[in-house]
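1. Sequence and predicted structure are below.
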Amino acid sequence: MSAIYRYRIGKPIQTEAVVQKIPMEKGEIPYFRRIQKLELVKQSADAQEEMAQRDYFMYPLEPNDRIYGLGENVRGINKRGWIYESNCSDDPIHTETKHALYGAHNFFVVDGTKTFGVFLDYPGRLVFDMGYEHTDELRIIPEEWNLELYLIEGGSILEIVKVFRQLVGRSYIPPKWAFGFGQSRWGYQSAEDIRAVVKGYRGHQIPLDSVYLDIDYMEGFKDFTINSERFPDFPEFVEEMRKEHIHLVPIIDAGVKIEEGYPVYEEGVEKGYFCKDEEGNDFVGAVWPGKVHFPDVLNKRARKWFGKKYQFLLEQGIEGFWNDMNEPAIFYSEKRLEQVLKKVRSMKNKNMDMWEVFKFRDLVNGLANNAEDYASFYHRIGSKKVRHDKVHNLYGYHMTRAAGEALEEMEPQKRMLLFSRASYIGMHRYGGIWMGDNQSWWSHLLLNLKMLPSLNMCGFLYTGADLGGFGGDTTEDLLLRWLALGIFTPLMRNHSALGTREQESYQFTQMEVFQKLIGIRYGLMPYLYSEYMKAALRDEMLFLPLAFVYPEDRYAKEVEDQLLVGESIMIAPVYTQNATGRYVYLPEPMKMVRLKSMEEMETQVLEQGHFYVDIALDEVVFFIRPEKIVPYTQASQYMEAAESSEIHVLDFVTDHAEYELYQDDGYTKDYENEEHLKILQVKKTPDRTNGSK
Ligand code: MIG
């Protein structure tokens with residue numbers, strides 16, 4: 001029923017997003033028309049009209065067509081009506097007005113009059129106009145016409161997604177401890193600070209598996225260094241934490257500090273492994289440490305070299321990393337800063353009018369992540385010199401690939417935690433992503449939910465948002481509601497920015513509620529882990545929009561604030577401040593499960609239809625689908641403590657149903673061993689429909 005067609009236009013740069021060999025089609029690309037026309041692009045301040053040759057693919061949209069996918073992006077699950085751009089961006093303000101976030105995930109499915117999937121394998125800037133210029137036109141506008149396009153047909157959205165996922169290869173699988181709860185904050189300065197976090201959690205019996213080390217653990221923000229004053233005897237500290245069943249997860253930034261005597265810098269220069277500027281000198285940008293060079297991770301040898309550097313931390317007992325600032329983010333380039341300073345100096349003593357002030361502001365604000373800077377340095381790919389902007393969206397992918405490949409080589413049998421901020425499809429094989437610098441906004445709780453299925457479509461299964469919100473001050477109720485969603489996301493991490501309100505669970509008043517809610521995560525782990533592993537091993541989605549599962553149901557098609565999690569559960573989190581519940585749509589009869597903790601459960605069978613469901617701040621509510629089973633266990637303080645616990649089941653079975661429970665050691669890579677799958681059976685006599693367990 002399904003088929004993939006591959007088309008090539010021009011001379012595309014190989015991205016290594018795809019793992020299957022698909023024969024090349026000749027002739028016209030079906031569904032799309034290539035339009036070439038002259039268009040008014042902008043009216044500049046001096047009233048000159050600028051015309052440009054616009055050349056794009058166009059698909060005519062019918063009123064009932066919906067568009068799904070595009071991974072990490074703002075707005076709805078149905079992407080129709082807005083204009084998106086694939087252009088990995090370090091932008092911490094994820095409002096509806098934005099077009100691009102950190103990832104470039106060029107896969108979408110059109111569902112309606114015709115149903116098909118499209119993947120644009122193109123590493124440069126790419127615009128997806130999903131009915132923005134013209135409500136009835138989908139336009140794909142690449143910056144250059146050197147690309148590959150894959151067209152996927154299939155009997156359903158889910159089938160198309162699965163075919164695509166097979167095309168791009170198996171999703172990354174983290175160690176089991178990485179499904180435990182993690183605490184992070186930009187601002188933990190020392191081993192003492194970290195001990196205080198662990199004490200805060202363990203002291204109040206709130207479960208915890210990991211604490212993240214943000215840039216302050218480094219010596220002067222230098223990658224692969226440790227500040228020995230604030231972290232004396234690091235390996236011993238890692239070991240001390242391990243005894244508490246805490247994994248420390250350090251951050252690694254893309255930029256390498258320019259500093260005499262710093263071996264990573266000196267080696268990189270000597271071997272020619274950094275990106276070069278027009279003149280062939282090592283390109284100078286600036287990030288946290290001040291001036292830096294960027295390792296040319298698109299160059300195989302440089303990638304290998306950079307990946308090897310992670311060994312420094314492995315040797316000290318570290319088992320996980322998060323890669324940051326790899327869009328790559330650039331605060332300023334050396335050259336641009338000079339130009340800007342010169343212009344700014346010339347403004348001295350001027351009586352600046354409004355236009356002058358704007359110019360001044362633009363000069364300064366335009367220093368960071370400047371498109372001209374991205375077009376001013378080069379990579380070496382094979383024997384070719386390639387300008388960065390043409391492959392911009394591959395940088396984060398290949399930085400994480402560098403780490404992933406090196407970790408695989410250094411510790412072939414051991415799963416490592418690895419996730420990144422920037423990404424491109426293909427990176428999902430090496431690591432996960434987190435959703436970057438969100439804000440402590442209720443709207444971002446909902447955005448978190450909406451991004452999950454789009455990311456799963458593109459292969460990113462190990463993902464989650466900064467729970468409680470990164471920027472801005474959180475509130476206790478926002479954090480609790482966000483945790484109630486976070487219980488279901490593979491990465492469950494509370495993270496916040498320097499200078500914001502402290503938001504570790506123990507900073508708030510209802511400590512016992514935090515303890516119980518996070519405990520539910522551990523209690524549901526038999527289900528959540530099984531569903532994750534099956535989704536990864538079978539190239540399936542973990543989070544599904546209702547529209548994908550109930551395609552004939554007109555209400556289900558429009559639900560954008562509920563999701564299915566795996567085969568048995570539907571979630572409907574509260575995302576409104578002061579709400580005591582919410583409306584929930586049930587596309588079929590379901591059993592509602594209300595948990596205050598793993599010991600305090602209530603269930604109730606509801607018919608198909610619309611309901612208002614009360615959900616208090618100290619409760620987690622989810623719904624079990626008909627003839628489905630949810631295995632669970634008791635809560636625990638950390639992942640390893642749960643391992644020997646007994647498995648129970650919740651179910652909505654009227655007759656007889658089975659569930660495939662996936663259990664393995666969680667650390668080694670023997671994923672496909674048949675012994676990991678156990679069949680759980682629930683049998684009922686027809687008149688005893690309410691019995692659970
Ligand atoms: O410019 O390392 O998204 O999680 O805390 C900010 C400091 C750099 C951005 C990351 C965020 C992290 C922060 N980083």
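-> Nice, thanks for sending it over.

2. which parts of the chain sit against the ligand?
-> With the criterion set to Cβ under 6 Å from any ligand atom, the chain comes near the ligand through 186, 214, 215, 251, 324, 325, 421, 436, 437, 495. (Each C-beta comes from the backbone N, C-alpha and C, glycine too.)

3. if we go to 8 Å?
-> Taking Cβ under 8 Å from any ligand atom, the part of the chain that reaches the ligand is made up of 90, 92, 184-186, 214-215, 251, 253, 287-288, 322, 324-325, 329, 421, 434, 436-437, 466, 470, 495, 497-498.

4. OK, now which residue of the stretch 551-693 of the chain is nearest to the ligand?
-> Residue nearest to the ligand within the stretch 551-693 of the chain (Cβ to the nearest ligand atom): residue 575, separated by 21.9 Å.

5. picking that back up, ok, of the residues of the chain next to the ligand, which come out buried?
-> For the residues of the chain next to the ligand, a burial check counting by 16 or more other Cβ atoms under 10 Å picks out 90, 184-186, 214-215, 251, 253, 287-288, 322, 324-325, 329, 421, 434, 436-437, 466, 470, 495, 497.

6. Inside strands: which ones of those residues?
-> Taking DSSP state E as the definition of strands, those contribute 251, 253, 287, 322, 324, 434, 466.

7. for residue 437, what are its contacts?
-> Going by Cβ atoms under 8 Å, 6 or more residues apart in numbering, residue 437 touches 92, 94, 466, 470, 471, 497.

8. distance of it from residue 226?
-> 25 Å (Cβ to Cβ, to the nearest Å).

9. which non-adjacent residue is nearest the residue in the stretch 401-550 of the chain positioned nearest to the ligand?
-> For the stretch 401-550 of the chain, the residue closest to the ligand is residue 437, as judged by Cβ to the nearest ligand atom, at 4.6 Å. Nearest residue to residue 437, sequence neighbours excluded (Cβ to Cβ, 6 or more residues apart in numbering): residue 92, at 3.6 Å.

10. Make sure residue 519 is indeed in a helix.
-> Yes - under DSSP: H, G, I helix; E, B strand; the rest coil, residue 519 sits within a helix.

11. Tell me how many other residues crowd it.
-> By the criterion of other Cβ atoms under 10 Å, residue 519 has 23 neighbours.

12. Is it in contact with residue 635, as I believe?
-> Yes - counting by Cβ atoms under 8 Å, residue 519 does reach residue 635; the two are 3.2 Å apart.

13. Need the residues touching each of those two.
-> Between them, residue 519 and residue 635 share the contacting residues 207, 597, 598, judged by Cβ under 8 Å, 6+ apart.

14. Turn these into JSON lines, including pLDDT, secondary structure and neighbour count.
-> Output for the shared contacts of residue 519 and residue 635, formatted as JSON lines (pLDDT from 0 to 100; DSSP: H, G, I helix; E, B strand; the rest coil; neighbours: other Cβ atoms under 10 Å):
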{"residue": "207", "pLDDT": "98", "secondary structure": "coil", "neighbour count": "27"}
{"residue": "597", "pLDDT": "98", "secondary structure": "coil", "neighbour count": "19"}
{"residue": "598", "pLDDT": "96", "secondary structure": "coil", "neighbour count": "19"}
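
15. which among those residues gets closest to residue 267?
-> residue 207 (41.5 Å; Cβ to Cβ).

16. Please look at that closest one and residue 642 and confirm they touch.
-> No - Residue 207 is beyond contact range of residue 642, at 9.4 Å (criterion: Cβ under 8 Å).
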